[in-house]
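Participant: The sequence isn't on hand, but the structure is:
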C-alpha cells in the first residue's frame, strides 16, 4: 500500500500507552553544535507519573483527530502527539485515520518531558496497532526528528543520553526509589534557560572524571548517582526563581538522598530511599496551594501498553 491510497486494514481495538514523566539525575550542557543546538550529557530516569495516550486506527477515514482532557492544550497539528502520528503514517506510507485521546497528568513546561513522552507513546502505540514491526531504534529515529527527549522514552526506564539527545544508551540503576516532584505551577521556557546559562557562565566545563566513569558503565548504583548529581541549569534558573532553591533545600532537610532541578525546570524533585519519608515531605509541601505535588516511585520497566 502506497501513500495516498486508502488502507485495507481492519480496525483494531484501541491501544493505550502510558507515558511517564522523566527526571534528569545528571544534566550537563556542553558545547554548542554547528546546527545551533547544544551537546548534552544526561542520565535520565522515568517516574510513575503518567499521561495516557489512547489510539484507534480508522482505516475508512483519513487524518488525525486528537482530543485532550486539558482545555488549554492545543489539539491541532502543532501538538507533538499529532506530529508523532503524522510521522509514523508518513514513514509507513499509509493514508488512514487515527483517533487519539490524550489524558494529561504530567505538568506542561515543567522539565519532566511530558510532551516528548506522549510523542514516544504515540509512536509505540501505532507501531503496535499497525503491526509495523519497527525496532526501538527505528522508532527512536522517527521520534528524534520531533524533539530531543523523544528517543529516550523508547529506551526507558533509564539511560545515558548524549549529543542533541539522539544518542541513547540504556543503563540499569539498581533498585526503586521514591520521588517527590514539586512543580510551582509556572513553566520555564527552554530557550530562555539556554540563553541565561550562556550569559552566566564563563566557559564550558568538560565532563568530570566521575561522569566519565558513569558513562562507561552498564549498571549504576543509586549511591554512584548521588555522588555525581548535577544540573547546569540550576544556577541561572534559581537566580531568577529563588523559590525553587528554597524547595530544594526543604527536600534535603526532610531526608532526600538528593534534590535537583529536572531539565530546565521548573520542577524540583527529591529522591528518597523510603516511601514513608517521601510521603511526609510531600504532605508538608502539599499545604502550599501554589505547588503541584506528586509522590511517585521510579519506573522499573519500559513504556507499558494496555
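Facilitator: The structure has been received and is ready for your questions. These figures come from a predicted structure and were not determined experimentally.
Participant: could you point out which element follows the longest helix along the chain?
Facilitator: Determined from DSSP state H, the single longest helix within the chain is helix 114-129. Where DSSP states H and E defines the elements, the next helix or strand beyond helix 114-129 is helix 136-144.
Participant: So what touches whichever helix or strand comes after that following helix?
Facilitator: Note on helix 136-144: by DSSP H and E, the next helix or strand toward the C-terminus is helix 150-153. Residues from elsewhere that reach helix 150-153, judged by C-beta atoms under 8 Å, 6 or more residues apart in numbering: 19-20, 22, 44, 46, 80, 84, 113, 116-117, 119-121, 123, 140-141, 143-144, 159, 161, 165-166, 168, 303. Glycine gets a C-beta too; all of them are placed from N, C-alpha and C.
Participant: I'd like to check what contacts the helix or strand following helix 150-153. Which residues are they?
Facilitator: As assigned by DSSP H and E, the chain's next helix or strand after helix 150-153 is strand 158-163. Strand 158-163 is contacted from outside by 39-46, 149, 151-152, 167-173, 214-215, using C-beta under 8 Å, 6+ apart.
Participant: Pull out the buried residues from strand 158-163.
Facilitator: 158-163 (16 or more other C-beta atoms under 10 Å).
Participant: Please apply the same query to stretch 13-31.
Facilitator: Under 16+ other C-beta under 10 Å, the buried positions of stretch 13-31 are 15-30.
Participant: from those, which ones fall inside strands?
Facilitator: In this view, the buried residues of stretch 13-31 that belong to strands under DSSP state E are 15-30.
Participant: any idea which of those residues is closest to residue 234?
Facilitator: Set against residue 234, the nearest of these by C-beta to C-beta is residue 27 (9.1 Å).
Participant: isn't that closest one right up against residue 232?
Facilitator: Yes. In this structure residue 27 lies within contact range of residue 232 using C-beta atoms under 8 Å: 6.2 Å.
Participant: give me phi/psi at residue 73?
Facilitator: Per-residue torsions, residue 73: phi -90, psi 130 (degrees, to the nearest 10).
Participant: and it, what does it touch?
Facilitator: With C-beta under 8 Å, 6+ apart, residue 73 has these contacts: 79, 102, 104, 108.
Participant: let's see 10 Å
Facilitator: 66, 79, 81, 102, 104, 108, 115 (C-beta atoms under 10 Å, 6 or more residues apart in numbering).
Participant: any idea how far the last one is from residue 98?
Facilitator: Taking C-beta to C-beta, to the nearest Å as the measure, residue 115 falls 18 Å from residue 98.
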